[in-house]
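>>> Predicted model and sequence below, questions to follow.
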Protein chains: 2
Amino acid sequence: MIKVVIIGSGNVAHHLIAAFAKSKKVEVIQVFARQKENVTPLFDFNKITSIYTDLAEADLYIIAVSDDAIATVSSQIPFKNRLVVHTSGTVSINSLDSKNRKGIFYPLQTFTKEKAVDYSKVPICLESENETDFKLLENVAQSISNSVFKINSEQRKALHVSAVFVNNFVNHLYQIGNEICEENKVSFEILKPLILETANKLMSLSPKEAQTGPAKRNDTQTIEAHLDFLSNKNHATIYKTLTQSIQDNVKKL
Amino acid sequence: MIKVVIIGSGNVAHHLIAAFAKSKKVEVIQVFARQKENVTPLFDFNKITSIYTDLAEADLYIIAVSDDAIATVSSQIPFKNRLVVHTSGTVSINSLDSKNRKGIFYPLQTFTKEKAVDYSKVPICLESENETDFKLLENVAQSISNSVFKINSEQRKALHVSAVFVNNFVNHLYQIGNEICEENKVSFEILKPLILETANKLMSLSPKEAQTGPAKRNDTQTIEAHLDFLSNKNHATIYKTLTQSIQDNVKKL
C-alpha cells in the first residue's frame, strides 16, 4: 500500500478521503486538521492530528488547504526529502517548501461536502519535479480516477481560468436566470432540462457548433425586447456584454 | 386521433415531427415547408406541401417558423376559426392572425437537428384564449411530454430571457473556456466533467448554494492573477463584469 497523509478538512480533502477509502493501492494513514471535528466522520478519529510534529511518515503528503495557507503549511512539515503536493489550480509549485520534493495533485472538479462525487470521472492533473515522483503520483491518482493528466504549471493556470468561466461564471448565469424567474413568478424548474441539455450538448458538439440564440442570429428585435424586459440594471449590463461578445465571435468566423 | 398540421422545417419542427410520430393520440397529417426537401426524411414526402391553399383541415396548426415569419405565415392559412399556435418564446400571441383562434405551444429546450432529444422531458409551455382550446393543447402536449405548463405571455417572456442566460450565454462561456484551452495547448476535454457537474449540481442545490470560486470568496489575489493571465481583452472584460456581479450578489445576502 502507498501511504498517504492528507492535510486539510475542506471540500477537496473530504472527497479525497472518501475516494481513497475505496482504493486498494492507497491508504490514508493520517489526516491533519487544525480542528479535528471538521474532518469527515468517514475517517477514523484516532488517526487525525492537529499537531505538525505528530505527522506520520508517509510516501506522499497531500496539502488540501486554502491557496494562501499552502506555503505556510508546507513549511511546517517536519520531514525532509519527502514528496509533498498541493491540490490547487492556481498556486505555483514553487510555493511549496524546498526542503521536500514538490508536486501538484489537482483534481479539476467542483466539490461540495453535501454532494457525493463519482471520483472515477474526476480529471486529476499531475506535475512533479522528477519522473519517479510522477510515477508515484500517477499510481495514486489512477487508483481513484480513470482520467489522469500530466499538466505543466502554465497549462494548469489556463485550466483554472477556464474553469472559472465554465463553472463559477456559468453558475452565476444560472443564478441570474433564477432571479428573473422569481421576479416574474414562474418556476425555475422549467429551465432545468434546458440547463442539463446545454451541458450535455457539449459532449457531442463543440461550443461553436452548439451556439444558438438571438445574439448568434443577430436578431436585433429580440435583443431589444429582452433589454426592455430586464428591469435589473446589472442583468442588462451582463446581457449586453455577452451579446456583444457572441456577435464579435460570429463576425470572426 | 387529434389531427395536426405542422408549418416549418427547422429544428423545432423537426423534433416535433419525430416526437408526434411516437404519439398514439396525435397524428401529423401534413407538413408545410417552402422547401419540401428540408423536412425531416422521417416524414412521408407525399404529405408535404409548399402551397398554402393545399393546407389540409386539421384540429391544430402548429407554426414552427422563425419569429419574424410567424405573422405572415399565420395570415396565409386559408381557414377561419381554427386553432393556430406558434412555438416561439418571444413573439406575442397577438401576432397570430385574428381570423383563427390563437395559442402558444412553446417547447423550452435547445434543439439541433443532428442531436436526438428525449421529448418526454421537454417542458412545453401552453397558452390559449379559451379553456376548450387549452384542453386540446394540453392533450397534444401531454401525448409527447411529461412536463406541461400553463404559462401566460409575461411569464413566457421571463422564461425566454432566462433561457438566453442559462443556455446561449452559458454556451458562450463554454466557448471562451475552449478558446483559453486552445491558446494554451491544453485539452478542453479535461473540463467536460466539470461542465456536466456544474449543471447537475443544480438538480439538488440552488445556484446560490452552488456558487464557488475566487469572486465568491473575494480572493483578490487569484482574481488579479487571472486577469493578468487573460491576454484576450474581451475575455478580461467578461471576467471583470461577472466577477463584479458575483461580488455584488454576495454583499446583498
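Nice, I can see it. Numbers count the residues shown, from 1 in each chain, chains lettered A, B, ... in the order given.

>>> buried set for the helix or strand harbouring A:K251?
Applying DSSP states H and E as the criterion places A:K251 in helix A:233-252. Within helix A:233-252, the residues that count as buried by 16 or more other Cβ atoms under 10 Å in any protein chain shown are A:H235, A:I238, A:Y239, A:T241, A:L242, A:T243, A:S245, A:I246, A:Q247, A:N249. C-beta here means a position set from N, CA and C on the backbone, and glycine is covered the same way.

>>> correct me, but the fourth one touches B:A236?
This points to A:T241. No: if you go by Cβ atoms under 8 Å, A:T241 and B:A236 don't touch, sitting 11.5 Å apart.

>>> Would you mind listing what in the stretch 1-150 of chain A touches chain B?
A:67-68, A:90, A:108-110, A:112, A:114-115, A:117, A:121-123, A:125, A:147, A:149 (Cβ under 8 Å from any Cβ of the partner chain).

>>> which two in these are spaced the farthest apart?
Farthest-apart pair in the residues of the stretch 1-150 of chain A next to chain B is A:D68 and A:K121; separation 29.3 Å (Cβ to Cβ).

>>> ok so, going back, can you redo the buried residues of helix A:233-252 as JSON lines with pLDDT and distance to chain B?
Shown next, in JSON lines, are the buried residues of helix A:233-252 (pLDDT from 0 to 100; distance: Cβ to the nearest Cβ, whole Å):
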{"residue": "A:H235", "pLDDT": "97", "distance to chain B": "8"}
{"residue": "A:I238", "pLDDT": "98", "distance to chain B": "6"}
{"residue": "A:Y239", "pLDDT": "98", "distance to chain B": "7"}
{"residue": "A:T241", "pLDDT": "98", "distance to chain B": "5"}
{"residue": "A:L242", "pLDDT": "98", "distance to chain B": "5"}
{"residue": "A:T243", "pLDDT": "98", "distance to chain B": "8"}
{"residue": "A:S245", "pLDDT": "97", "distance to chain B": "6"}
{"residue": "A:I246", "pLDDT": "97", "distance to chain B": "5"}
{"residue": "A:Q247", "pLDDT": "96", "distance to chain B": "10"}
{"residue": "A:N249", "pLDDT": "88", "distance to chain B": "7"}
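
>>> Any figure for the gap between the residue of chain A most remote from its centre and chain B?
When each C-alpha in chain A is compared with the mean C-alpha position (Cα atoms, centre = their mean), A:Q221 comes out farthest, at 39.1 Å. The spacing between A:Q221 and chain B, counted by Cβ to the nearest Cβ, to the nearest Å, is 7 Å.

>>> Give the closest residue to that residue in space, chain neighbours not counted.
Closest residue in space to A:Q221, ignoring its immediate chain neighbours: B:D68 at 7.1 Å, by Cβ to Cβ, 6 or more residues apart in numbering or on different chains.

>>> so how many other residues sit close to that neighbour?
13 (other Cβ atoms under 10 Å in any protein chain shown).

>>> Test my guess that it contacts A:T220.
No: counting by Cβ under 8 Å, B:D68 stays clear of A:T220, with 10.7 Å between them.

>>> Mind listing the shared neighbours of those two?
Taking Cβ atoms under 8 Å, 6 or more residues apart in numbering or on different chains as the contact rule, B:D68 and A:T220 touch no residue in common.

>>> And for the residue nearest to A:R101 when sequence neighbours are not counted, the neighbour number?
In space, and not counting its chain neighbours, A:R101 is closest to A:L83: 4.8 Å by Cβ to Cβ, 6+ apart. A:L83: 23 surrounding residues under other Cβ under 10 Å.

>>> A:L83 and B:I104, how far apart?
Between A:L83 and B:I104 the computed distance is 62 Å (Cβ to Cβ, to the nearest Å).

>>> elements contacting the helix holding A:K251?
helix A:170-183, helix A:214-217, helix A:220-229, helix B:170-183, helix B:233-252 (3 or more Cβ pairs under 8 Å, 6 or more residues apart in numbering or on different chains; DSSP states H and E).

>>> Give me the contacts around that helix.
Counting by Cβ under 8 Å, 6+ apart, A:173, A:176, A:179-180, A:211, A:213-216, A:218, A:223, A:226-227, A:230, B:164-165, B:168-169, B:172, B:175-176, B:234, B:237-238, B:241-242, B:245, B:248 sit against helix A:233-252.

>>> out of the buried residues of helix A:233-252, who's nearest A:K47?
Distance to A:K47, by Cβ to Cβ, is smallest for A:I238 among these, at 47.4 Å.

>>> Now do the domain split for chain A, please.
What automatic domain parsing lists as the domains of chain A is A:2-151, A:156-252.

>>> need the ones you listed in a markdown table with distance to B:R34, can you?
Formatted as a markdown table, the domains of chain A follow (distance: least, Cβ to Cβ, whole Å):
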| stretch | distance to B:R34 |
| --- | --- |
| domain A:2-151 | 46 |
| domain A:156-252 | 18 |
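
>>> Which one, of those domains, ends up nearest to B:T40?
Nearest to B:T40, of all the domains of chain A, is domain A:156-252, at 18.4 Å by Cβ to Cβ.

>>> Of the residues of the stretch 1-150 of chain A next to chain B, which belong to strands?
A:C125, A:F149 (DSSP state E).

>>> closest to B:S95 among the residues of the stretch 1-150 of chain A next to chain B?
The closest of the residues of the stretch 1-150 of chain A next to chain B, once distances to B:S95 are taken by Cβ to Cβ, is A:T110, at 42.1 Å.

>>> pretty sure the closest one contacts B:P193?
No: applying Cβ under 8 Å as the test, A:T110 and B:P193 come out as separate, 9.6 Å apart.

>>> Between those two, point out the one with more neighbours.
When neighbours are counted by other Cβ under 10 Å, A:T110 and B:P193 differ, and A:T110 comes out ahead with 22 against 19.

>>> What separation do you get for that one and A:A21?
Taking Cβ to Cβ, one finds A:T110 at 21 Å from A:A21.

>>> So for the closest residue to A:F32 other than its chain neighbours, what pLDDT did the model give?
Setting aside the residues directly before and after it, A:F32 is nearest to A:I7 in space (Cβ to Cβ, 6+ apart), at 4.3 Å. If you check A:I7, the pLDDT there is 98.

>>> Let me see the contact set for A:I7.
A:A13, A:V31, A:F32, A:A33, A:Y61, A:I62, A:I63, A:A64, A:V65, A:V73.

>>> for the residues you listed, which one is nearest A:F45?
Using Cβ to Cβ, A:V31 comes nearest to A:F45 of these, at 9.6 Å.

>>> sec struct for that closest one, please.
strand (DSSP: H, G, I helix; E, B strand; the rest coil).

>>> tally of neighbours for it?
Counted by other Cβ under 10 Å, the residues lying close to A:V31 total 27.

>>> these two touch, right, it and A:G10?
No: counting by Cβ under 8 Å, A:V31 sits too far from A:G10 to count as a contact (11.7 Å).

>>> Thank you kindly, that will do.
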